[in-house]
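*Asks:* Provided below for reference: sequence and predicted model.
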Amino acid sequence: MSEQNSTFKEAQKDFVETDVLRKIRRHRLMQICAATALGLLASLLVARGVTFWIFAAGLSFLVLAFGLAYKNFTLSSASVLLASMSLMLFSFALTGAGLFDLAILGYPGLLIFSAILGGVVLFLSMLSVIILQCLALTYMTMEAIITPNVPVLSWIHLTFILVIFIVIGFSVYILVNDIKRLMRWLQTENHKVEESRNQIQHLAHHDSLTGLPNRSYGQILFEQSLAASQSKNVNLGILFIDLDNFKPVNDALGHEAGDTLLVKLSKRLREMLANTQHLVRFGGDEFLIISPYEDKSELELLAVTVINECTKGFEVKQTRLVLSASIGIASSPEHGDDFKQLCRKADIAMYRAKKDGRSTFHFYEESLEQASDDKFSLLQQIRPAVKNQDFELYYQPIIDMTNAKVISVEALLRWPQADGSFIPPDKFIPLAETCGAINDLGKWVIEEACRYCASMRASGFTDLRVSVNLSVMQFKDGQLNRIVQEALAQSGLLGEALEFELTESLLIDETEQIQKQLHMLTMQGCTIAIDDFGTGYSNLAYLREFKASRLKIDRSFVTNICTSHDNELLVSAIIELAKNLGLEVVAEGIEDAETLAKLQSLSCKKGQGYLWSKPLPAKDLPTFLNKYLPH
């Protein structure tokens with residue numbers, strides 16, 4: 001559709017230009033007819049005999065040509081004008097001095113007229129007619145058909161000559177004037193084209209929002225800076241800047257506020273840079289700084305300065321906004337001299353800076369490359385592994401420390417490899433959340449855990465319960481309750497045998513939506529446990545809202561409870577808090593009898609850890625349960 005509109009506009013423009021040229025040609029034709037008519041009228045006043053009648057006939061045809069031009073019959077008008085004038089001049093020469101007659105001076109004028117009024121065809125036609133007339137005059141004179149009559153010079157002849165010169169001069173003037181006007185128009189158009197070309201080049205090389213060089217022009221600036229730095233024997237660094245938590249600005253204040261913030265930030269950063277340094281908008285809330293340096297401390301100082309400039313705050317829509325930035329740094333020649341590869345390496349280093357706590361910087365290292373490659377490789381493997389059900393569930397018992405009996409098992413996800421090794425959950429679960437595979441994976445875990453627990457209860461372990469960890473991503477689509485309902489129905493497991501473990505950080509994310517879904521789960525008889533308690537926000541209000549029935553104290557507090565008085569006090573406080581709220585407490589990470597005794601002295605009744613068992617594959621769990629499970 002856009003191509004059709006473009007074609008239509010071009011055709012419309014051509015039509016307008018053609019119409020303008022036609023009007024100019026008509027106007028010039030009328031001018032020439034009028035000027036020539038005036039000249040013939042002046043000549044007619046002094047002419048006598050046959051000369052008078054020739055002028056009169058010529059004047060009549062000029063009036064006709066003027067009328068045709070006035071009525072927009074330009075081609076007919078030009079034909080009548082040129083034909084009548086050539087015949088009139090030929091008649092004068094024929095009745096006068098032949099090829100030496102004053103009328104021959106008018107032929108150049110006819111050639112000028114034809115050049116002004118028409119194209120190549122009209123001009124060549126007129127030139128051919130003049131040549132034929134000259135040949136005819138020469139032939140008739142040489143064959144004595146006519147006898148040239150050279151008149152005695154008089155003031156009348158001067159009048160005729162002046163008329164010819166004035167008419168030709170006028171025609172030459174308007175022709176030259178048109179050429180000058182055309183040249184001025186061409187110069188203006190050329191200037192407009194040059195401005196448009198510069199504007200297009202600027203738009204192609206610069207970001208429309210901030211006016212900064214864009215990614216493609218950034219590569220050109222990098223190559224220019226690299227050549228300059230190599231000639232001066234200095235290094236060239238790339239700082240990859242990513243704003244931390246920029247999305248909430250757009251979400252809370254709108255994209256217009258986000259754009260304003262980016263404009264203000266880019267202006268602030270640009271003003272702090274030297275002429276040899278370049279600020280580039282890489283895309284979204286990402287920027288590059290290309291900077292020559294001699295010592296790495298210069299890049300460190302630059303990175304710190306950028307971070308400080310971001311944290312100074314900005315006034316946007318009467319709101320004070322404070323940013324932070326994570327920066328990755330790569331340099332040439334240490335890390336190569338290819339712009340795209342250096343950007344990629346700086347990007348990898350930037351993500352390490354985010355992992356280190358944000359609002360900091362990190363230099364690229366080869367080890368980061370390997371970590372990035374491993375991460376990418378895992379991302380490619382996760383979805384096929386979920387589809388092929390390559391994962392396994394291991395089960396770690398939870399023990400009643402008052403009688404050393406198993407009360408439930410926690411289902412723990414494992415990803416076995418062909419060589420017998422395992423990919424740790426802390427590596428693949430975040431990636432599954434990132435790539436959107438966590439819902440399918442979580443659904444399989446719930447179904448498999450329910451199926452296995454139901455089969456174990458059917459085989460004699462009638463009181464066995466199973467707990468499953470949930471990711472916040474599993475609440476996003478609102479399908480969790482349906483998935484659990486179907487898993488319980490298909491396996492025949494009662495809801496009271498299923499428990500879900502949630503981390504504290506999950507409880508503060510979209511509280512209302514999660515609270516609604518957890519309420520629906522408890523309506524099916526399922527229970528809720530708070531995992532890793534003490535490492536998150538520990539907000540008591542959430543514990544009441546989500547109707548948790550159990551707290552699991554994080555292993556980081558339990559492991560050294562015998563050697564750390566602070567941890568002992570913290571664990572004691574958690575146990576007392578849970579008791580007052582009517583919640584059970586499970587201590588994670590119990591690995592020795594001393595820790596067990598300490599926890600029992602603090603009135604902790606449930607525990608989990610290597611003291612009893614590490615996570616066991618499904619096939620090995622029955623043997624363990626026969627020893628520890630009460631019948």
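*Replies:* That came through, no problem. Residues are numbered from 1 along each chain as shown.
*Asks:* So for the helix or strand encompassing residue 481, what gets flagged as buried?
*Replies:* Element membership for residue 481, per DSSP states H and E: helix 480-491. Neighbour-count burial for helix 480-491 flags 480, 481, 483, 484, 487, 488, 491 (criterion: 16 or more other CB atoms under 10 Å). C-beta here means a position set from N, CA and C on the backbone, and glycine is covered the same way.
*Asks:* what does stretch 250-257 rub up against?
*Replies:* 249, 258, 316, 317, 319 (CB atoms under 8 Å, 6 or more residues apart in numbering).
*Asks:* Give me the distance between the helix holding residue 481 and the centre of its chain.
*Replies:* 42 Å (CA atoms, centre = their mean, to the nearest Å).
*Asks:* Helix 480-491 and the following helix or strand past that helix, what's the angle between them?
*Replies:* Later in the chain than helix 480-491, the nearest helix or strand by DSSP H and E is strand 498-503. Orientation check (axes from the mean of the first three to the mean of the last three CA atoms, to 10 degrees): strand 498-503 against helix 480-491 gives 150 degrees.
*Asks:* Now strand 498-503: average pLDDT?
*Replies:* Strand 498-503 carries an average pLDDT of 90.
*Asks:* Tell me which two in the contacts of stretch 250-257 are the farthest apart.
*Replies:* Largest separation among the contacts of stretch 250-257 by CB to CB: 258 and 319, giving 11.9 Å.
*Asks:* Settle it for me: which of these two has more neighbours?
*Replies:* Between residue 258 and residue 319, counting by other CB atoms under 10 Å, residue 258 is the more crowded of the two (22 against 12).
*Asks:* Verify the stated contact: that one with residue 249.
*Replies:* Yes - between residue 258 and residue 249 there is a contact under CB atoms under 8 Å: 5.1 Å.
*Asks:* List just the nearest of the buried residues of helix 480-491 to residue 389.
*Replies:* For the buried residues of helix 480-491, the nearest to residue 389 is residue 487 (14.8 Å; CB to CB).
*Asks:* what sits against the closest one?
*Replies:* Residue 487 touches 443, 446, 447, 450, 451, 493, counting by CB under 8 Å, 6+ apart.
*Asks:* The first one: which element?
*Replies:* This points to residue 443. helix 438-458.
*Asks:* How far away from the center of its chain is that helix?
*Replies:* For helix 438-458, the distance to the chain centre is 43 Å (CA atoms, centre = their mean).
*Asks:* helices or strands next to the top helix by length along the chain in the packing?
*Replies:* If you go by DSSP state H, the chain has its longest helix at helix 155-205. Secondary-structure packing of helix 155-205 (3 or more CB pairs under 8 Å, 6 or more residues apart in numbering; DSSP states H and E): helix 2-46, helix 107-117, helix 215-231.
*Asks:* averaging pLDDT over each of those helices, which comes out lowest?
*Replies:* Looking at the helices and strands packed on helix 155-205, the weakest mean confidence is helix 2-46, a mean of 63.
*Asks:* quick one on the thing from earlier: just the angle between the helix holding residue 443 and helix 480-491, please?
*Replies:* 30 degrees.
*Asks:* Next, the buried residues of helix 438-458.
*Replies:* 438-439, 441-454, 456-457.
*Asks:* just stretch 304-314 next, same as before
*Replies:* 306, 307, 310, 314.
*Asks:* Now pLDDT, distance to residue 531 and secondary structure too, for those, in CSV please.
*Replies:* Converted to CSV, the buried residues of stretch 304-314 look like this (pLDDT from 0 to 100; distance: CB to CB, whole Å; DSSP: H, G, I helix; E, B strand; the rest coil):
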residue, pLDDT, distance to residue 531, secondary structure
306, 92, 38, helix
307, 91, 34, helix
310, 87, 35, helix
314, 86, 39, strand
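*Asks:* Nothing else from me, thank you.
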